[in-house]
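**Q** Structure for the following, please:
(2 chains, ligands or ions: 2)
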Amino acid sequence: MLSLKILLRALRAGELKTIFISLCLSVAVVAAVSIFAERIEKAIVNESKELLGSDFIVKSSKPIPQVWIEYAVNRNIDVSRTLSFASVVFFNENMHLAYIKAVESNYPLRGSILTSQLPFTYDVKQMEEFTSGPKVGEIWVESRLLPILDVEIGSQIDIGESSLTITKILIEEPEGPSFSILGSRILMNFADVESTNVVQPGSRVTHNLLVASSEESDINSYVSWVTEKMSPHDQLIKPEEAQENISSTIDRGRVFLLLAGSIGIVLAAVALAMASHLFATKQKTQVALLKSWGLTESRVRKLYVNQSLFLGFVGSFIGLFLGYIFHLFLIDIAREWLPTMLPNPGLQSFLISIFTGIACVIGFILPALWHLPKQPPISILKDDGMGQSTSIMVRLIVGLCVIMVLLFLYSKNVSITFAMTLGVLSISTMAALVGGSLFSIALAMGKSTGGFFRIGLSNLWRRKSHNLIQLIGFSSAIFLFLVLAIIRNSLLDEWQLQIDDDLPNHFFINVNEDDIKEIDDYAAKSKVSSAGWYSMTRARITSINNELITEDQREAHRAYDRELNLSWSEDLPAGNEVSSGSWWKVDNTESAASLKGDIAPVSVEHDLAGELGLKLGDVITFSVGGLSFDAEVSNTRILDWEKMTPNFYFLFPEGALEGFPRTSMTSMYIPIENKRIISEILREYPTIQVIELDKVFETIKKTINQVTRALEAMTVLILFCGIMVLITSVHLSISERMRESAVLRTFGCARRDVVVVQLIEFLALGLVSGLLGALGAEIAVGVLSSTVFDFSFKLHPWIWGFGPLLGMAIIAIFGIISCKSAISSPPLSTLRSFN
Amino acid sequence: MIIASNLSKSVQSPEGTLNILSDINLSIMESESLAIVGPSGSGKSTLLGILAGLDTPTSGDVVINNKNIVSMSEEERAKYRSKYVGFVFQSFHLLPGLTAIENVSLPLEIKDIPNTASLANDYLEMVGLKNRARHYPQQLSGGEQQRVAVARAFACQPKILFADEPTGNLDQKTGAKLSNLLFELNKSQKTTLILVTHDMRLASSCDKTLNLSDGKAVPNK
Ligand SMILES: Nc1ncnc2c1ncn2[C@@H]1O[C@H](COP(=O)(O)OP(=O)(O)OP(=O)(O)O)[C@@H](O)[C@H]1O
Ligand SMILES: [Mg+2]
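**A** Residues are numbered from 1 along each chain as shown, chains lettered A, B, ... in the order given. Ligands and ions are numbered 1, 2, ... in the order given. Purely as a prediction, here's the structure:
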């Protein structure tokens, strides 16, 4: 009760203001980011479920066993089967190899099917959503099938032995491919499959079992049950895997958010540590009084511990409230990118936030106050009797440990934790090592220059220990801000490449070399142009190391079962990276060319090589339309999928495939209003396959824009935290500065001169902090680049100029503003307030 | 009753051992007053601190009401301070964040004395500052601040009041008013008064005077 009373009075007196604000702010940052991140994450999972049409899918090349369905039905878990296969569809003489999906009447279990009555429409008003598929006897087809078969809505087309009526245009359906390579998509009713008679034992069919339940525990238990029953033919697809094309952007955005939040925690922690230090120095008189009145050490300690804990709880709850409000603001910024219904946050984020507040009290406030109760009572009579404060080293170690725990708890990311801790640690060490000697140099420099420089610079030296804490605070703030700025810039640079406006968004493959010119002409008429043509040869793998591919292998991996695109290149394609072996040198190509029919070197994509078990030196036999040739794996490559340029799984030296039949491919940027030319080209050249990536691109673009905005909002918040740290550390010495200014002015120093003295000290401090901050930033970014963000390692010369400039500017501006009242008010009133 | 015998205090300094006090003996009866005088640096504050149990001597004893406070543990000394002792300091030591009345109440609250507010109010009235109760130290003059400090010391009704240059920062007239106040309270509440002062007039109104020079007691002139 007494502690509470004293606490409230201290709050009222403003002595606890900075502690309280930094405490609230640290909790607020943690709360905002973790609630935001949690809700987004849940929303993404939900959205992915809609894309999957279910909570998860069991995919199989064999029919789904009846027991799997019964097991689910008995437990009130919803299941729905789908069947996908390629089949030729006919209308009069016209035919087309379509990608058909047969769905049961309860499909989809999550999400909806987007359709329209008008082909090739991009007008949302024309579109209609359905939560179940076509009825028996009906089919829904993709727009481009209409011109290819020369049909319209209402026409009956033949699939196998039955004919079905087109009733709707299919735009998008759950669990569909994000782009179609196999021809037009057709959705039909599961019950019609039998009468078509196209699905025979042995034909290539994908069987899917969609599973969903409102009870997460049911889903989990079904997943573990079914996983045990699964054979190598079966595969489990979870929501996390549904959005691969944007997952990397979201992932990095999320990591950035966590990083920013972590930086916020560290900043607030630094502010808190400094504010507590300041508070402790101000408590000196009070503790001395309490002890002279006969309060024992343990009672004084209890008083302060109670106060701190109380402060911790109240601060945490207020911080939580503020954080919740800020998270709403973040959501508002990212609105368009988010689904309209965001799932509610769980308890976890709230608990983490409160825990952060309490941990901050234990890690930063208590250590700064720990020495207070030990203060000898005699210090009330003599100024020198101040108890030795807990050493900066001990406090630093306690603080770092708490920061590490918080960072890890919060980011659940070892690299972020490590990078941040390493950064703070190296700054503190350097500050301790360099700071002391720098202050001495400043003293010497000041002595030799004289005048105001002497006073300013020798002040730096005189307040050494205060300044050391201040220096660590300043440099940490600058360090963290620089880290955030660097990572933000790198991410934006990288993303910018992905959302360039005229990146190709359509691929045309399987183009006959003789048709290239005409297609180019076609495109030119619609003011669309191809981004260069690539040639390739279609081939099958027939054996590896002279062992024929078995039927089992074919079932296990599609690469054995279909024609693959082989291409050639003299140089390693841009964005590719050799992961084993070495890229061929140019002089090899001549011999490679002469090797035709013999063994040619081949470069295989890294992941595929892993899946097929290919090692360097393995010999692959390819068959191209009946002609066979051998190739030896000479290296593997990692591809860059985010660049959206054509990528090839198998690359040969130039000339190695000379003489084999070739087809060509190109990519084009086709704006939405020109999409009609695709069907025109397809009608003219039915063998061409088109891969439409425009929808994928739109999603990526939208995501990147929104993630960028969330990221900027976060950066602003962190900037606030950083400025608060700087202000706190200026306040650390403000009363002393004010007293000093007043004394200088009583000596008759002009106001301007007093400002100059302060300014020199602030600028010197800013310069050193900026340099230390830049050092810490290089170290932390180095760690982050090579671990979480996958950037190539490089130094950032600009921060070595920007850091010190930022430091000097901010510290000088806020320093002078804070000192202003002391400088401009009459010296007597200032001095009196210190009596 | 306070009896100090053979009190010595020395500290280690870079120039060797420094004797701040050597061989001080004194005794004061209940409700008596003692003035410690001497030039600056002669050890007055040090002696006061030891008598009040704020510090310990290097050797010698301080016996208060038949208890030797030197051999006590710090915890026991704290209890002794809490029970018997009040202070008035040269530089007031009011807490800047608290109003005058809160400054007076604070030790009462800490010692769990009931009716804190009215008691504090009474003592503020006694020192003539009732109408300044809600003012902060910054808004008070030096003399007013010192009167608040006196009210704070007396509010706990200590058996012994220690004062280290209570009038040091005040002009003569204000100083005289304040010392009158101290003696009035000394009389009315039977408080033992031990004060350090440079003011000879104040010293002469005390029952006893201890003259220190270089840490040694010298005979009164
Ligand atoms: N902890 C210490 N270390 C070194 N010297 C000390 C210490 N404490 C006191 N002294 C010295 O002992 C001497 C007496 O100090 P004290 O504060 O008792 O003097 P004082 O008589 O109260 O002086 P003033 O009238 O100026 O207040 C001084 O010279 C002081 O410098
Ligand atoms: Mg003294």
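
**Q** contacts and neighbour counts: CA atoms only from here.
**A** Will do.

**Q** what number of residues lie near A:Ile810?
**A** For A:Ile810, the neighbour count with other CA atoms under 10 Å in any protein chain shown is 19.

**Q** In terms of helix, strand or coil, where does it fall?
**A** Look at A:Ile810: counting by DSSP: H, G, I helix; E, B strand; the rest coil, its state is helix.

**Q** Which secondary structure element of chain A has the lowest mean pLDDT?
**A** The helix or strand of chain A with the lowest confidence, counting by mean pLDDT, DSSP states H and E, is helix A:586-594 at a mean of 52.

**Q** residue ranges for the strands of chain B, please.
**A** B:2-13, B:16-28, B:33-37, B:59-64, B:67-68, B:85-88, B:160-164, B:192-196, B:208-213, B:216-218 (DSSP state E).

**Q** what comes into contact with the longest helix seen in chain B?
**A** With residue count as the measure and DSSP state H as the assignment, chain B has helix B:172-189 as its longest helix. Contacting residues not belonging to helix B:172-189 are listed as B:31, B:127, B:143, B:147, B:150, B:154, B:157, B:167-168, B:191-193, B:202 [CA atoms under 8 Å, 6 or more residues apart in numbering or on different chains].

**Q** Identify the residue of the stretch 651-800 of chain A closest to chain B, quick one.
**A** A:Ser735 (13.2 Å; CA to the nearest CA).

**Q** related to what we said a few turns ago, mind checking the strands of chain B for the one nearest to A:Gly323?
**A** Evaluated with CA to CA, the strands of chain B place strand B:85-88 nearest to A:Gly323, the distance being 47.2 Å.

**Q** taking the mean pLDDT, what do you get for the closest one?
**A** For strand B:85-88, mean pLDDT is 86.

**Q** ditto for stretch A:145-156
**A** Mean predicted confidence for stretch A:145-156 is 87.

**Q** go on, stretch A:96-104?
**A** 88.

**Q** Can you pull out the low-pLDDT segments for chain B?
**A** Counting by pLDDT under 70, chain B has low-confidence residues at B:221.

**Q** Just give me the residue right at the centre of it.
**A** Among the residues of chain B, B:Phe162 comes closest to the average C-alpha position under CA atoms, centre = their mean, at 1.8 Å.

**Q** Report the contact partners of the closest residue to chain B within the stretch 1-150 of chain A.
**A** Using CA to the nearest CA, the point where the stretch 1-150 of chain A gets nearest to chain B is A:Ala13, with a distance of 4.6 Å. Applying CA under 8 Å, 6+ apart, one finds that A:Ala13 lies in contact with B:96-98.

**Q** three-state assignment of the residue lying closest to A:Ala600 once chain neighbours are set aside?
**A** Ranked by CA to CA, 6 or more residues apart in numbering or on different chains and with sequence neighbours excluded, the top spatial neighbour of A:Ala600 is A:Ala631, at 4.5 Å. Assigned state for A:Ala631: strand (three-state reduction, three-state DSSP).

**Q** Kindly state the domain boundaries assigned to chain A.
**A** Described in terms of automatic domain parsing, the domain architecture of chain A consists of the residue ranges A:1-49+A:248-411, A:63-230, A:413-443+A:453-498+A:697-835, A:529-668.

**Q** For B:Ser71, which of those is the nearest?
**A** With distances scored as CA to CA, the stretch of the domains of chain A nearest to B:Ser71 is domain A:1-49+A:248-411 (16.5 Å).

**Q** Do that closest one and ligand 1 come into contact?
**A** No: judged by CA under 6 Å from any ligand atom, domain A:1-49+A:248-411 makes no contact with ligand 1; its nearest approach is 6.7 Å.

**Q** Tell me which residues touch A:Lys302, please.
**A** With contact set as CA under 8 Å, 6+ apart, A:Lys302 has no partners.

**Q** how near is it to B:Glu102?
**A** 21 Å (CA to CA, to the nearest Å).

**Q** what do you get for A:Arg75?
**A** If you measure A:Arg75 against B:Glu102 using CA to CA, the figure is 69 Å.

**Q** For those two, work out which one has more neighbours and name it.
**A** When neighbours are counted by other CA under 10 Å, B:Glu102 comes out ahead of the other of A:Arg75 and B:Glu102, with 24 against 11.

**Q** where's the more buried one relative to A:Ser3, distance?
**A** Between B:Glu102 and A:Ser3 the distance is 14 Å, computed by CA to CA.

**Q** just A:Ala271 next, same as before
**A** A:Ala271 sits 24 Å away from A:Ser3 when distances are taken as CA to CA.

**Q** Please identify which of the two sits among more neighbours.
**A** A:Ala271 (34 against 18).

**Q** Quick check: nearest residue in space to the more buried one, chain neighbours excluded?
**A** Excluding its sequence neighbours, the residue lying closest to A:Ala271 (CA to CA, 6+ apart) is A:Val725, at 4.7 Å.

**Q** is it true that that neighbour touches A:Ala477?
**A** Yes: proximity of A:Val725 to A:Ala477 meets the contact threshold set by CA atoms under 8 Å, at 6.6 Å.

**Q** joint contacts of those two?
**A** A:Leu267.

**Q** Look up how far A:Asp218 lies from the residue in chain A positioned nearest to chain B.
**A** Minimum separation of chain A from chain B (CA to the nearest CA) falls at A:Gly294, amounting to 4.0 Å. From A:Gly294 over to A:Asp218 the distance is 65 Å, taken as CA to CA.

**Q** Neighbour count: the two, which is higher?
**A** When A:Gly294 is set against A:Asp218 and neighbours are counted by other CA under 10 Å, the residue ahead is A:Gly294, at 29 against 15.

**Q** for that one, helix, strand, or coil?
**A** For A:Gly294, the assignment made with three-state DSSP gives coil.

**Q** List the contacts of it.
**A** Contacts were defined as CA under 8 Å, 6+ apart; by that measure A:Gly294 touches B:77-83.

**Q** In helices, which of the residues you listed appear?
**A** Secondary structure defined by DSSP H assigns B:77-83 of these to helices.

**Q** Switch those residues over to TSV; also include distance to A:Arg562 and neighbour count.
**A** Written out in TSV, the entries for the ones in helices among the contacts of A:Gly294 read as follows (distance: CA to CA, whole Å; neighbours: other CA atoms under 10 Å in any protein chain shown):
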residue	distance to A:Arg562	neighbour count
B:Arg77	93	23
B:Ala78	91	24
B:Lys79	92	16
B:Tyr80	96	19
B:Arg81	95	24
B:Ser82	93	22
B:Lys83	97	17
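
**Q** Near chain A, list only the ones from the residues you listed.
**A** Filtering those for neighbours of chain A using CA under 8 Å from any CA of the partner chain leaves B:77-83.

**Q** Look up how far ligand 1 lies from the residue of the stretch 1-150 of chain A closest to chain B.
**A** As for A:Ala13, its distance to ligand 1 is 31 Å (criterion: CA to the nearest ligand atom, to the nearest Å).
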